[in-house]
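[1] Give the three-dimensional model of this entry:
(one chain, ligands or ions: 1)
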Amino acid sequence: MGRALILAACLAAAPASAQDFTTLKGHGGPVMGIAVDTGGRVATASFDNSIGIWEGASPAWLEGHDAAVNVVKFRSDGFLVSGGDDFTVRVWPAGSVNRVLGEHRGKVTDISISTEAGLVASASWDGTIGLLPLDANWAWALYPPLDEPDPRFLKASGAVNAVGFHGPDVLYAATATGEVVRYDLARDAALPVARHGFGVNELIVTDDWIAYGAVDGGTRIIDHQGAEIADFTLDRRPILSMAYHGDTHQLAVGDGHGYIMMVDTADWRIVRDFRATREGPVWALAFSSDGTTIYAGGLDDVAFGWPVDTLDAYDPGISGQRSFLRAPEEMSNGERQFMRKCSICHALEGSASRKAGPSLHGLFGRPAGTVPGYRYSDTLRMSDIVWDETTVDALFDQGPDHYIPGSKMPMQVIAGKDDRADLIGFLKQATRENHENEE
Ligand code: HEC
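    Numbers count the residues shown, from 1 in each chain. Sure, this is the predicted structure:
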């Protein structure tokens, strides 16, 4: 490629959006749930028993659950409702002050709030759905006797993984037995609308359709009678998270392989498909209130906010067959390091790739912050670092937060000297100007 062409390609790769890639780092365990309120506050539920509230620089931590927190939702008054492995559903009026709204006999996996009905529905592995009063100012008598039916808990056919209100009177639930069941709360009736055969993990309920995602990778859209509208099943399993943004009609689907697929629900088309994590699942997804950012959480103890318009477009040629990644055993240690730790955010080629970080093409000998069109942080743009073996080594020996404080690059350290050396060896060769990428 000639210089002019490279430049044109780089400019085309510049993020068009004013949104920034964000990293929410601080949890001591995987992020299992995310919610965003209209004011832009992001809440994260973590395996470390805490909830993080991210607003500006440092998060506020809500401590109160006695085990992993699986789900958080914002109530319309801005209060949080959460559920966790300690079997409880809690509401958080201020800081770590919290009230138990209800208690299950198994872990709480999902929550849906209906302001109209004044109810919080909670899905639990105890095989029931809690119907808990939204603004009870007292803790209900917990533990109803097992042999006495309790109107506050609906019985399901098995462990309940997800719930979603449709208006104040209808509630859908997805079960580990593979059913999507419609509960008519006023008439006290339950009717399965889908029998999937494999456990259903996720549910999105809108006025016009219901989306569900299952353990076998099944990703389907049905109407309220159960008739199929669309099927987006790829060879990804299990489906672990879903989020929907109505105004921009985007449905996001996260899976066990670390992919996030985005469907345009106006014309039922897969628009984007990208690998958000190299290893491990996408447990949690939520859109920002304007729909321009998708927040994702998983194994990394970190949640990321991706500007939607920077994510890879869907390419059936790539997404259809997954063999484009070679088996890790066939890679050199340096390539493996890059694939696992850098390739989510950095391309090696100079050609257009809308990733969160600048292309590393031609890195060695390049002054920091100089890929044309990429929006660097001021810190990196103004720095006088020149990238070479020594400076790249220092970057990951000390971590970006120490080596270039204020950089947008997420904190990470590569502790092993040999791993750093192998990575640098791989990068030197793979980022060369005339390097043909043999993948
Ligand atoms: C989660 C995203 C992310 C990951 C993972 C990541 N980076 Fe980055 N990287 C960035 C961003 C964003 C920037 C731009 C930082 C800025 O502008 O302050 C950057 C900048 C850089 C730069 C400076 C580039 C320049 O043009 O000055 C280098 C070198 C770099 N990264 C190397 C790596 C390597 C090597 C890895 C893997 C070990 C890695 N990065 C992992 C997001 C990431």
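
[2] Send me stretch 65-81 as CSV with only the CA atoms.
    Output in CSV follows, covering the C-alpha atoms of stretch 65-81 (Å, rounded to 0.1, in the frame of the first residue of the first chain):
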residue,chain,number,x,y,z
HIS,A,65,-25.3,-8.7,49.7
ASP,A,66,-23.7,-11.7,51.4
ALA,A,67,-22.8,-13.5,48.2
ALA,A,68,-22.4,-12.7,44.5
VAL,A,69,-24.7,-10.1,43.0
ASN,A,70,-26.2,-11.3,39.8
VAL,A,71,-28.5,-8.5,38.7
VAL,A,72,-29.1,-4.8,39.2
LYS,A,73,-31.9,-2.6,37.8
PHE,A,74,-32.7,1.1,38.3
ARG,A,75,-36.2,1.9,39.6
SER,A,76,-37.8,4.9,38.0
ASP,A,77,-37.0,7.0,41.1
GLY,A,78,-33.3,6.2,40.6
PHE,A,79,-33.1,3.7,43.4
LEU,A,80,-31.4,0.4,42.6
VAL,A,81,-33.0,-3.0,43.0
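
[3] Would you indicate which residues of it are buried?
    Buried positions in stretch 65-81, judged by neighbour count with 16 or more other C-beta atoms under 10 Å: 65, 68, 69, 70, 71, 72, 73, 74, 75, 79, 80, 81. The way it works is simple: take the backbone N, C-alpha and C, and place the C-beta from them, glycine included.

[4] In helices only, show me these.
    If you go by DSSP state H, the buried residues of stretch 65-81 have nothing in helices.

[5] now, among those residues, which is nearest to the ligand?
    The ligand lies nearest to residue 72 out of the buried residues of stretch 65-81, by C-beta to the nearest ligand atom, at 22.8 Å.

[6] is it true that that closest one touches residue 35?
    Yes: if you go by C-beta atoms under 8 Å, residue 72 and residue 35 touch, sitting 4.8 Å apart.

[7] shared neighbours of these two, anything?
    Residues touching both residue 72 and residue 35 (C-beta atoms under 8 Å, 6 or more residues apart in numbering) are 43, 80.

[8] which residues does residue 184 contact?
    169, 170, 190, 191.

[9] Pick the one among these closest to the ligand.
    residue 170 (40.3 Å).

[10] quick one, what contacts that closest one?
    182, 183, 184, 185.

[11] which among those end up buried?
    Of the contacts of residue 170, these count as buried by 16+ other C-beta under 10 Å: 182, 183, 185.

[12] In strands, which of those fall?
    In strands, judged by DSSP state E, the following of the buried ones among the contacts of residue 170 are found: 182, 183.

[13] restrict the buried ones among the contacts of residue 170 to those near the ligand?
    By C-beta under 6 Å from any ligand atom, no member of the buried ones among the contacts of residue 170 lies near the ligand.

[14] With pLDDT as extra columns, can I get the buried ones among the contacts of residue 170 in CSV?
    Below are the buried ones among the contacts of residue 170 laid out as CSV (pLDDT from 0 to 100):
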residue, pLDDT
182, 96
183, 95
185, 90
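
[15] Distance to residue 300 added to the buried ones among the contacts of residue 170, as a markdown table?
    Output for those, formatted as a markdown table (distance: C-beta to C-beta, whole Å):
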| residue | distance to residue 300 |
| --- | --- |
| 182 | 36 |
| 183 | 36 |
| 185 | 39 |
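
[16] how about the residues of the stretch 251-400 of the chain that lie near the ligand?
    341-342, 344-346, 356-358, 363, 368-369, 371, 376-377, 379-380, 387, 392, 396.

[17] In ChimeraX, how would I select just the buried ones from these?
    ChimeraX command restricting these to the buried ones, with burial defined by 16+ other C-beta under 10 Å:
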select :341,342,344,345,346,356,357,358,363,368,369,371,376,379,380,387,392,396
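
[18] Dig out what residue 22 forms beta bridges with.
    Beta-bridge partners recorded for residue 22 (DSSP bridges): residue 305.

[19] Spatially nearest residue to the residue in the stretch 1-150 of the chain that the ligand sits nearest to (excluding sequence neighbours)?
    Nearest residue of the stretch 1-150 of the chain to the ligand, counting by C-beta to the nearest ligand atom: residue 21, 5.6 Å away. Of all residues not flanking residue 21 in the chain, residue 356 sits nearest, at 4.0 Å (C-beta to C-beta, 6 or more residues apart in numbering).

[20] Could you pull up the contacting residues of the one you found?
    Contacts of residue 356 by C-beta under 8 Å, 6+ apart are 21, 306, 310, 344, 345.

[21] What is the nearest of those to the ligand?
    residue 345 (3.0 Å).

[22] Okay, and which of the buried residues of stretch 65-81 map to strands?
    Using DSSP E, 69, 70, 71, 72, 73, 74, 80, 81 are the members of the buried residues of stretch 65-81 that sit in strands.

[23] what's the pLDDT at residue 290?
    At residue 290, the pLDDT value in this model is 94.

[24] Now do the SS call for it.
    coil (DSSP: H, G, I helix; E, B strand; the rest coil).

[25] Please tell me how far it sits from the ligand.
    21 Å (C-beta to the nearest ligand atom, to the nearest Å).

[26] Burial check on the residue lying closest to residue 246 once chain neighbours are set aside, number of neighbours?
    Nearest-residue entry for residue 246: residue 206, 6.9 Å, with adjacent residues in sequence omitted and distances by C-beta to C-beta, 6+ apart. Look at residue 206: counted by other C-beta atoms under 10 Å, it has 16 neighbours.
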